[in-house]
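Colleague: generate coordinates for the sequence data below:
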Amino acid sequence: MNDKELIPWLEKAVQGDESAFQLVYQATHQDVYRTVAFLVYNKQEIEDIVSEVYMRMWRSFHNYDPNRPFRLWLHGITVRLVQDWKRKTWRRMRLFERNRQMTCEPQFDWTDKAVLQSEMQHELFNLVRQLSYKLRVVVILRYFHDYTLEEIADMLQIPVGTVKSRHHLARKELRKRFELTGGDAYVH
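Modeller: Numbering: from 1, shown residues only. Model (predicted):
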């Protein structure tokens with residue numbers, strides 16, 4: 001369901017219609033889940049963040065501007081919550097388990113096999129996963145969700161020049177890593 005088809009349901013959800021909210025949830029859940037899964041590796045954290053995204057969406061409907069794309073607004077909420085979650089996790093890690101956490105990174109538990117349809121996608125995903133969070137989020141938003149650099153800047157609340165720089169660095173890093181793995185294709 002695209003943004004135009006969601007508008008009448010969004011209007012009903014804004015007025016408190018829970019069944020309309022449920023339909024919006026069903027239409028967007030898989031996309032939100034995959035976005036979070038690209039950015040966070042622990043399955044339980046993914047579930048928690050996705051739940052929080054929809055609670056925040058429900059509480060923030062009054063802030064939604066219907067003249068802007070809904071999914072852009074929703075992905076903005078998603079990215080900000082992932083950033084908040086990472087910040088909180090980092091603080092917790094520093095306070096409680098600094099040494100243990102720094103040496104034992106949790107294994108990635110990929111739950112949506114449909115995203116990885118070919119070996120090339122799997123290899124490229126592994127390369128993207130190796131990028132720093134700041135570069136990875138730009139790559140995911142740009143190539144997975146097809147947002148413009150300006151939309152990404154708006155979503156991340158950073159200057160467009162910073163997004164362009166991160167985009168350039170991410171592509172350069174991916175290209176270098178792909179060549180090191182012996183890949184035949186060229187990352188554009």
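Colleague: and residue 47, how far from residue 11?
Modeller: Counting by Cβ to Cβ, to the nearest Å, the gap from residue 47 to residue 11 is 29 Å. Bear in mind the C-beta positions are built from the backbone N, C-alpha and C, glycine included.
Colleague: got the confidence number for residue 187?
Modeller: On the pLDDT scale, residue 187 is placed at 48.
Colleague: just residue 64 next, same as before
Modeller: On the pLDDT scale, residue 64 is placed at 83.
Colleague: what's the burial count for the closest residue to it other than its chain neighbours?
Modeller: Nearest residue to residue 64, sequence neighbours excluded (Cβ to Cβ, 6 or more residues apart in numbering): residue 73, at 5.6 Å. Number of residues near residue 73 (other Cβ atoms under 10 Å) recorded here: 20.
Colleague: got the contact list for residue 85?
Modeller: 40, 45, 48-49, 52 (Cβ atoms under 8 Å, 6 or more residues apart in numbering).
Colleague: which stretch of helix or strand covers it?
Modeller: helix 70-96 (DSSP states H and E).
Colleague: show me how far that helix is from its chain's centre.
Modeller: Relative to its parent chain, helix 70-96 has a centroid offset of 10 Å by Cα atoms, centre = their mean, to the nearest Å.
Colleague: mind listing what's buried in stretch 141-151?
Modeller: 141-142, 145, 147, 149, 151 (16 or more other Cβ atoms under 10 Å).
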